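S.K.: I need the structure of the sequence given here:
(one chain, ligands or ions: 2)
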Amino acid sequence: MNTCYTSDMQLDSKLSETFRLSEFQKKALGKLGLVTIEDLLYYFPFRYGDPNQVKRIEGLVKGDQVTIFGKVSGLKTSKAWVKKIPMSDGFISDETGKIKLVWFNQPYIAKMIREGQLVRAEGKVTERKGELYMSNPKIEAIDQIPDTGELFGKGSDDHILYPVYAETKGITSNWIFHKIQDIFRMGIIENIVDPIPEEILKKYSLPNIRTALIWIHTPKNDRDALSARKRFAFQEIFFIQLEKQKNKITWQDKSAFNIKTSTKDISDFIKRFPFKATDSQKKAIEAIVSDFRRGYPMSRLLEGDVGSGKTAVAATTIYAVTMARPDGKDYGNLQTAYMCPTEILAKQHYENFISYFNHLPIKIGLITGSECKIFPSKTDATKPTKISRAQLLNWVSNGEVPILIGTHTLIQKTVAFKHLAYVVIDEQHRFGTLQRQKLLTKNELTPHLLSMTATPIPRTLSLTIYGDLDLTLLDQMPHGRKPIITKIILPQARAQTYEEIKKELRTGRQLYVICPRIDEPDPTKELAVIAKSVTLEAERLKKEVFSEFTIDILHSKMTPQEKEKVMDKFSHGETKILVATSVVEVGVNVPNATMIIIEGAERFGLSQLHQLRGRVIRSNHQAYCYVFAESQGQKTRDRLKALTTAKNGFELAEFDLEQRGAGELYGRKQWGLSDLAMEGIKNIKMVEASRTEAMRILDEDPELKNYPKLKEALQNKNNKIHFE
Ligand code: ADP
Ligand code: MG
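M.R.: Ligands and ions are numbered 1, 2, ... in the order given. All right, here's what the predicted structure looks like:
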């Protein structure tokens with residue numbers, strides 16, 4: 001072995017100083033984010049293989065469950081023998097022979113694997129007309145065929161499962177395995193002090209750090225592997241809980257603007273809306289207004305399905321803030337910053353807010369990357385007017401503009417407020433923590449914070465990632481809103497469904513068509529593939545189905561200007577049909593668009609489907625959602641059926657978590673949790689235990705004086721986290 005190591009290696013020793021690495025390997029490790037020995041120890045396998053299953057191709061028999069290492073050839077895509085479903089096939093060969101591989105309904109496989117690629121194929125050996133083949137094998141590209149004898153410790157039952165790590169060019173799973181074994185042999189882990197207090201490990205029967213590290217990388221059996229994974233999931237969630245609870249304590253130590261607008265004024269304001277507020281909305285308003293009087297800044301998350309009326313809650317509470325005077329003064333207004341993720345949304349809210357506040361003698365500003373506006377205009381008091389950025393910023397810093405609506409431009413240093421008392425963040429999941437933070441630290445006095453989101457997530461996840469926020473749910477839809485009629489459409493009913501839709505279109509309504517989710521191994525390619533699928537589908541619909549209607553497309557490869565133009569035409573009814581990707585969030589209110597088609601629905605999580613159909617719940621016209629499924633399987637149908645029975649997005653998110661796992665949850669990329677922690681989220685007991693323990697420890701010892709290891713681990717974690 002060419003490994004050189006000395007006994008003074010530590011957890012924080014650089015891998016490049018521990019092992020002899022080529023420049024190429026150094027780069028590859030960098031790409032995986034692996035710098036130190038500790039990084040490598042925390043690079044966990046994403047699954048385990050059973051070495052007893054590794055076989056040579058010669059001697060395979062029908063019914064064997066096997067893992068084969070070999071080279072791929074003859075890959076092609078076609079239609080299957082009996083039913084006309086897409087299939088891919090090819091061969092895998094090793095030095096003993098060759099066997100056919102067949103995949104049904106996975107036409108993209110042929111595109112993922114190169115001709116001549118070395119792979120690991122896992123699956124069951126089947127037979128058809130005397131020919132053996134592997135049906136739907138799991139396949140992974142590898143860089144090198146492992147020396148099985150060495151890898152599995154021939155004859156010894158030292159470790160029965162072998163770990164499989166995510167690879168990158170230049171660093172194989174096998175390489176990682178060997179280096180971790182080397183690290184174990186160096187004895188470094190003997191000295192690791194466990195950051196989790198022993199009493200907690202005991203209480204929840206979790207293995208200590210050394211045992212867990214060995215078990216996670218070389219488990220003797222499934223039980224040990226599971227136990228180790230559970231420990232690390234607990235560790236990650238526990239650290240997050242500690243961090244959030246600590247934030248909460250710090251937050252409550254700050255002083256805030258005291259806002260005491262009378263209840264009567266507030267209810268008068270609510271009466272001005274052209275609708276009757278729901279009980280949910282009233283409760284949310286009450287909770288926020290009472291937070292305003294607590295003496296320390298509010299930090300609240302308002303979660304509600306699309307269309308549940310979050311804007312009215314924000315507007316009413318902004319009114320309460322606007323009516324309050326700065327401390328000790330009998331003139332002037334406290335200020336609010338309202339941040340939206342897109343320019344389109346910011347403009348839309350700006351127009352709404354003008355209609356909500358035009359009875360008051362106050363200025364309302366708009367700031368986006370491309371323009372600034374002020375209401376009222378000098379020449380026409382019912383309209384806003386464009387002004388220079390400098391002029392707007394000047395008025396904002398003088399305190400003359402009580403309400404400023406904008407995009408992330410709001411967080412720029414040049415935007416200074418006089419009395420920023422309230423920060424509202426719309427669609428908060430679209431912003432990073434750092435961006436939110438920037439807005440909150442513009443003043444000496446910390447403003448109250450209202451975050452709003454329509455991302456329905458399971459309770460365990462809210463408890464974890466939003467552990468420092470108070471939570472309000474808007475779980476009631478406005479009165480008179482007809483529930484969307486959701487129909488699951490199987491392939492044979494497609495033509496007839498198009499006819500139904502045409503009838504609605506002829507009455508003047510509009511339609512969204514959402515193209516299927518596409519998972520490409522290369523995310524940059526993914527965008528291109530999606531853009532192509534949108535374009536093709538729009539052409540097909542124009543030619544074959546909706547030739548009498550105007551059709552436009554919207555996808556993420558378009559420039560913001562192009563997107564805006566398309567949206568503008570659609571919202572004015574010039575375009576009747578908008579073919580879009582699921583990636584583009586059309587967070588815009590087009591009440592006349594009452595129908596949505598979702599193609600390839602089985603590839604979406606339920607909560608995302610719910611999110612998508614939320615686009616057509618914007619008016620009192622009957623709305624329809626057509627869920628087109630390609631697969632006819634009973635399981636798919638049952639799962640999609642939940643869309644027609646679930647009461648709200650939260651229920652669907654729970655359902656997703658239970659049925660398909662945390663990987664399916666909508667928006668998961670933004671939460672910064674590892675796959676392991678996301679699995680832990682499924683376990684309500686674990687989440688509650690980690691929360692209880694974090695609160696208990698901080699209650700007894702807020703500075704973590706008696707838990708130096710825990711304190712250090714938390715600090716390191718904070719240093720390691722990079723926001724966007
Ligand atoms: P979201 O929660 O998705 O931000 P919005 O605040 O945009 O929802 O509200 C969606 C639509 O419902 C808007 O047109 C709004 O004016 C209307 N709306 C809000 N609250 C009510 C209500 N209580 N009754 C009827 N319509 C309402
Ligand atoms: Mg909204």
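S.K.: Please identify the helix or strand for I216.
M.R.: helix 209-217 (DSSP states H and E).
S.K.: swap in Y133?
M.R.: Counting by DSSP H and E, Y133 is part of strand 131-141.
S.K.: Just the buried residues of the longest strand seen in the chain, please?
M.R.: Counting residues, the longest strand found in the chain (DSSP state E) is strand 65-79. Buried positions in strand 65-79, judged by neighbour count with 16 or more other CB atoms under 10 Å: 66-72, 75, 77. Yep, even glycine has a C-beta here, placed from its N, CA and C like the rest.
S.K.: so how far is it from its chain's centroid?
M.R.: Per CA atoms, centre = their mean, to the nearest Å, the displacement of strand 65-79 from the mean C-alpha position of its chain is 33 Å.
S.K.: hang on, G49 packs against T67?
M.R.: Yes. Counting by CB atoms under 8 Å, G49 touches T67, with 5.7 Å between them.
S.K.: got any residues that touch both of these two?
M.R.: 120, 122 (CB atoms under 8 Å, 6 or more residues apart in numbering).
S.K.: picking that back up, so which of the buried residues of strand 65-79 is the closest to ligand 1?
M.R.: Nearest to ligand 1 among the buried residues of strand 65-79, counting by CB to the nearest ligand atom, is T77 at 41.4 Å.
S.K.: can you tell me how far that closest one sits from V102?
M.R.: 11 Å (CB to CB, to the nearest Å).
S.K.: On the strand side of things, show who the closest residue to L640 other than its chain neighbours bridges to.
M.R.: With sequence-adjacent residues excluded and distances taken as CB to CB, 6 or more residues apart in numbering, L640 is closest to I488, at 4.9 Å. I488 forms beta bridges with V627, as assigned by DSSP bridges.
S.K.: Equivalent analysis for M87, please.
M.R.: S78, F104.
S.K.: Quick check, it in contact with K100.
M.R.: No. Using CB under 8 Å, M87 makes no contact with K100, being 11.7 Å away.
S.K.: got the residue ranges for the strands in the stretch 301-450 of the chain?
M.R.: 335-339, 364-367, 372-375, 385-386, 403-406, 420-425, 448-453 (DSSP state E, counting those that start in this stretch).
S.K.: Now do the same for K246: its pLDDT.
M.R.: Looking at K246, its pLDDT stands at 90.
S.K.: any idea how far it lies from ligand 1?
M.R.: 31 Å (CB to the nearest ligand atom, to the nearest Å).
S.K.: Contacts only, for that residue.
M.R.: Contacts of K246 (CB under 8 Å, 6+ apart): 698, 702, 714.
S.K.: Let's see that with 7 Å instead.
M.R.: L698 (CB atoms under 7 Å, 6 or more residues apart in numbering).
S.K.: ok, now W215?
M.R.: 207, 224-225, 227-228.
S.K.: Tell me the confidence at it?
M.R.: At W215, pLDDT is 94.
S.K.: packing partners for the strand holding Y133?
M.R.: Judged by 3 or more CB pairs under 7 Å, 6 or more residues apart in numbering; DSSP states H and E, strand 131-141 is in contact with strand 97-104, strand 118-128.
S.K.: export those to CSV and tack on mean pLDDT, mean neighbour count and distance to ligand 1?
M.R.: Formatted as CSV, those follow (pLDDT from 0 to 100; neighbours: other CB atoms under 10 Å; distance: least, CB to the nearest ligand atom, whole Å):
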stretch, mean pLDDT, mean neighbour count, distance to ligand 1
strand 97-104, 89, 19, 40
strand 118-128, 87, 18, 44
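S.K.: Make TSV from those and add distance to A315 to it.
M.R.: Formatted as TSV, those follow (distance: least, CB to CB, whole Å):
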stretch	distance to A315
strand 97-104	53
strand 118-128	56
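S.K.: Any idea which of these gets closest to Y624?
M.R.: Closest to Y624 of the helices and strands packed on strand 131-141 is strand 97-104 (CB to CB; 31.7 Å).
S.K.: Taking strand 131-141 as reference, get the angle to the closest one.
M.R.: Per axes from the mean of the first three to the mean of the last three CA atoms, to 10 degrees, the angle that strand 97-104 makes with strand 131-141 is 80 degrees.
S.K.: quick one: the helices in the stretch 401-550 of the chain?
M.R.: 433-440, 459-465, 494-506, 523-540 (DSSP state H, counting those that start in this stretch).
S.K.: In CSV: the ones you listed, plus mean neighbour count.
M.R.: Compiled in CSV, these are given as follows (neighbours: other CB atoms under 10 Å):
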stretch, mean neighbour count
helix 433-440, 16
helix 459-465, 21
helix 494-506, 14
helix 523-540, 16
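S.K.: Name the residues of this structure found near ligand 1, please.
M.R.: When proximity is defined as CB under 6 Å from any ligand atom, the chain approaches ligand 1 at 275-278, 281, 304, 306-312, 454, 478-479, 589, 618.
S.K.: for D475, what are its contacts?
M.R.: 280, 648.
S.K.: Can you report phi and psi for it?
M.R.: In this entry, D475 is assigned phi and psi values of phi -110, psi 30 (degrees, to the nearest 10).
S.K.: Kindly report the same for the one 4 residues further on.
M.R.: Main-chain torsions, H479, degrees, to the nearest 10: phi -60, psi 150.
S.K.: buried set for the strand holding Y133?
M.R.: 132-134, 136-137, 139-140.
S.K.: Give me the contacts around that strand.
M.R.: Contacts of strand 131-141 (CB under 7 Å, 6+ apart): 60, 62, 99-104, 109, 113, 117, 119-126.
S.K.: try stretch 216-227
M.R.: Outside stretch 216-227, the residues that touch it by CB under 7 Å, 6+ apart are 44-45, 48, 159-161, 163, 180, 207, 215, 228-229, 232.
S.K.: repeat for stretch 358-366
M.R.: 322, 333, 346-347, 350, 353-354, 357, 372-375, 392, 395-396, 400-406.
S.K.: Enumerate the positions of that stretch that are buried.
M.R.: Going by 16+ other CB under 10 Å, stretch 358-366 has these buried residues: 362-366.
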